[in-house]
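>>> build the 3D model from these lines:
(chains A and B)
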Amino acid sequence: MSADRPHSLWSRAAQRFVRDRAGMVSAVVVLGYFLVALTVWLGLGGQDWGVLGSDSFAPVSAEHWFGTTRNGQDIFARTVYSTRTAFEIGLVVAVSSVVLGAVFGALSGFFAGSWLDEGILWLKGVLDAIPFFLFVVAVAYSLQGHPLAMHVAMIATFWTTTGRYVRGEVIKLKSMEFVEAARAVGVPQGAIIFRHILPNTSHILLVQGTLVFVTAIKAEVILSFLGLGVQDGVSWGLMISQSTNEVTAGFFNNFIAASLAMFVLVMAFNFFSDALQDALDPRKVSA
Amino acid sequence: MAGLGYLIRRLATGIPLILGVTFISFLLMVYFGPDLSFELVGKNPTAEQIAAARAQLGYDQPFWVRYAAYLHEMVTFDFGRSVSTGQPVRGLLADAVPVSLALTLPGFVLGNLLGIALALLAAWHRGRWLDRSIMAFSVIGMSISFLIIIIVFQLLFSSRYGLNFFPVRGWDMSSPGAYLYYVTVPTLAIVFVSLGYNTRFYRAVFVEEVGRDHVRTARAFGAGAGIILWKYVLKNSLIPIITRVMFSIPSIVIAGSLLIESYFGIPGAGKLTFDAVTTGDQPVLKAVVSLTALMFVVVLIINDLLYRAVDPRVALT
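Numbering: from 1, shown residues only, chains lettered A, B, ... in the order given. Reported below is the predicted structural model:
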């Protein structure tokens, strides 16, 4: 029986992941949120988020599951629609910054010590030296009105961590035998970097992607509160910043709905990311 | 003097970093920041009036001349007057930076000390229920947005729905009592938001140290937990601790408290910077960016010197 047991990194990681109870529960929760986002994308739910109703601060009822806001908008529809916004921001920022970090990190690592490496390291140092919110505020403000301003700002700063990890890993990988073999049979340099070495860092990229996803969702809330976040549509950040005026008047539905929805997703994603790290790198020191 | 030569070399390597930070920031300010020339002129201005306003703001100069002027301002640390308030920039910063420091420092110190204590506890009981619950609570804490924490803490401590002990807005440092009155709720929020991250980070460091052979030997010889954690774990983990603390300093002084400052209406450096970005107040922005970049380089150097102080094997090259 042991002959057909799979041995690749991914199948072993999958086996370990399935045994991780917290990881599996959190994966199911994240999947649930994703399905909610999918229903919004397909136009099946949350479409009435902007409709103004006549009764403001309506209590929880069969018609308004989570009650209504000051403007009589249905809080449940807004919470559901915001799930889509969160996934949009998280996915766009996570995928873009991981790709950016992978490319820069791989080039930097493969040509370690060259002017290209120096240049990329310098850029990373500069981006890290500008305090995060100062930079995001500046970029978001300079592209004001553009719906993707916030995304651009986050991508421009979030890739550096991925870049650092990939660089280190590529430096390790590039002296290994399979790279030497590829070079010996005349594989062009670009193909060696991007087809032979980079795929071997995919476990790093996956974990970094989940971390960036969470960071992006959390940053959105703060940027939206500062008026630099989501421009059109609704998000948990916009709901929370709208609710700051409502909680002082004693109406907590809006605040609780948005906070709780966001908290559960972020927490599930954090546990999911942890389980993923444990499954992919069992040597790593963790619980 | 090897030390002095090291210091000069190190400062020199900081120059590309400073140039990069100032250049990127300046590019953002000049090309994307708001154009203030129409705020200086009256209604229905003539072409000459507009040109005069632009000249006054320096908009008519070519980009490189303006960047060079900026670098000159940075070397002399004289950025002139704020465009929106007319006050000298240096004075504005001298007022705002101490406020930010006084606001964030207690929370920063407490958050790190508590994080280290919890992490030591978790690392010592690694794998057992105490460790697991501390780590689970860390992840839960990391999952709550700072904004939510601030709102909830205000409700709990400063509103009629909670204790109503502390003020909702404002700032006063004239006496220790007033300071305590205004700083308590922000401090609690800062500790809460940072505790999860700190505990996780420090635990990873300590777990590695606890697993080392000399710690196991010390345990086998019957050394107590306090001695081992203090002498062998904490002292040997000083380098990552120093790194984490040092690199938080620039953001504490400049931008770390932006959210708290805008929510509690506190006139600190974060608020000053945010207002400068949104109003296009270039002199203030230039000063803040320069200060940040300089501080970053200084932090890098002090960090290296501290490495050397705690670990004599580290050579200054």
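
>>> could you count how many residues lie near the residue in the stretch 101-250 of chain A positioned nearest to chain B?
Proximity to chain B, evaluated over the stretch 101-250 of chain A using Cβ to the nearest Cβ, is greatest for residue A:142 at 2.6 Å. C-beta coordinates here come from the backbone N, C-alpha and C atoms, glycine included. A total of 20 residues lie near residue A:142 under the criterion other Cβ atoms under 10 Å in any protein chain shown.

>>> and if you look at residue A:166?
28.

>>> give me the buried positions along the helix or strand of chain A with the lowest mean pLDDT.
Ranked by mean pLDDT, DSSP states H and E, the weakest helix or strand in chain A is helix A:132-142, scoring a mean of 73. Within helix A:132-142, the residues that count as buried by 16 or more other Cβ atoms under 10 Å in any protein chain shown are A:132-142.

>>> from residue A:120, how far out is the residue of the stretch 101-250 of chain A closest to chain B?
23 Å (Cβ to Cβ, to the nearest Å).

>>> again with residue B:206
Distance, residue B:206 to residue A:120, by Cβ to Cβ: 33 Å.

>>> who are the packing partners of the biggest helix by length in chain A?
Counting residues, the longest helix found in chain A (DSSP state H) is helix A:75-110. Helix A:75-110 makes packing contacts with helix A:21-41, helix A:115-129, helix A:149-173, helix A:202-225, helix A:236-247, helix A:253-280 when contacts are defined by 3 or more Cβ pairs under 8 Å, 6 or more residues apart in numbering or on different chains; DSSP states H and E.

>>> any chance of JSON lines for the ones you listed, columns mean pLDDT and distance to residue A:99?
Listed next are these as JSON lines, based on pLDDT from 0 to 100; distance: least, Cβ to Cβ, whole Å:
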{"stretch": "helix A:21-41", "mean pLDDT": "89", "distance to residue A:99": "21"}
{"stretch": "helix A:115-129", "mean pLDDT": "89", "distance to residue A:99": "15"}
{"stretch": "helix A:149-173", "mean pLDDT": "90", "distance to residue A:99": "8"}
{"stretch": "helix A:202-225", "mean pLDDT": "90", "distance to residue A:99": "8"}
{"stretch": "helix A:236-247", "mean pLDDT": "84", "distance to residue A:99": "25"}
{"stretch": "helix A:253-280", "mean pLDDT": "89", "distance to residue A:99": "18"}
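
>>> which among the ones you listed is found nearest to residue B:298?
Nearest of the helices and strands packed on helix A:75-110 to residue B:298, taken as Cβ to Cβ: helix A:115-129 at 11.4 Å.

>>> which strands or helices does that closest one pack on?
For helix A:115-129, the packing partners by 3+ Cβ pairs under 8 Å, 6+ apart come out as helix A:75-110, helix A:149-173, helix B:2-32, helix B:282-310.

>>> measure how buried residue A:249 is and give me the count.
Quick note: residue A:249 (other Cβ under 10 Å) scores 9 neighbours.

>>> give me the most central residue, the chain.
Unless you meant another one, I'm taking chain A. Nearest residue to the geometric centre of chain A (Cα atoms, centre = their mean): residue A:213, 0.9 Å.

>>> to clarify, I was referring to chain B.
Centroid check for chain B by Cα atoms, centre = their mean gives residue B:251 as the closest residue, at 1.7 Å.

>>> per-residue pLDDT, residue 176?
Because you didn't say which chain, this covers chain A. Here, the pLDDT recorded for residue A:176 equals 88.

>>> not quite, go with chain B.
On the pLDDT scale, residue B:176 gets 87.

>>> and it, how many neighbours?
Residue B:176: 8 surrounding residues under other Cβ under 10 Å.

>>> quick check: the residue of chain B most remote from its centre vs residue B:52, distance?
In terms of distance from the mean C-alpha position of chain B, residue B:46 ranks first, at 45.2 Å (Cα atoms, centre = their mean). Note on residue B:46: its distance to residue B:52, by Cβ to Cβ, is 9 Å.

>>> in contact with residue 281: list those residues for me.
Reading this off chain A. Residues in contact with residue A:281 (Cβ atoms under 8 Å, 6 or more residues apart in numbering or on different chains) are residue A:203.

>>> actually it's chain B I care about, not the one you picked
B:82-84, B:275.
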